[in-house]
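Participant: generate a structure from the sequence data that follows.
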Amino acid sequence: METKKPENIDEYIGGFPNDVQEILETVRMTIQKAAPDAKEKISYSMPAFEQNGIVVYFAAFKNHIGLYALPSGHVAFAEKLSKYKSGKGSVQFPLKEAMPYDLITEIVKFRVKENLEKAKKK
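Facilitator: Numbering: from 1, shown residues only. Predicted coordinates for the structure are as follows:
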């Protein structure tokens, strides 16, 4: 049986329990506010924001919200992200803890600026 892939972020968020939907909507609004010109899309079956390239992806899992700011976003905020489980281009924010919305804002603004600088060089 094939799982239906979401066509947009509303469908993606709608597939989770209400408490997780609330967190995902707040993450989404946080990203929108930090990157008002970014366009929403689904990429790799995850919500993504694009402005001169991908700014960030985010996704929900059983015990955490994953934020994917590509390696550069994570390197730039390594110290602030050090308390969270992370990989080369990902970080896991546990659902049992308060979401660090201010940190998400900082990372998104950094990625928008980085993408803009890359676009200017092309």
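Participant: now do the buried residues in stretch 41-54.
Facilitator: 42, 46-52, 54 (16 or more other C-beta atoms under 10 Å). Any C-beta I mention is one placed from the backbone N, CA and C, and that applies to glycine too.
Participant: kindly apply the preceding question to stretch 86-95 instead.
Facilitator: Buried residues in stretch 86-95 (16+ other C-beta under 10 Å): 86, 90-93.
Participant: what do you get for stretch 101-113?
Facilitator: For stretch 101-113, by 16+ other C-beta under 10 Å, it's 101, 103-104, 106-108, 110-112.
Participant: residue 98 should be in a helix, yeah?
Facilitator: No - read with DSSP: H, G, I helix; E, B strand; the rest coil, residue 98 is coil and lies in no helix.
Participant: what is the burial count for it?
Facilitator: When neighbours are counted by other C-beta atoms under 10 Å, residue 98 registers 8.
Participant: could you tell me how far it is located from residue 20?
Facilitator: 14 Å (C-beta to C-beta, to the nearest Å).
Participant: lovely, talk soon.
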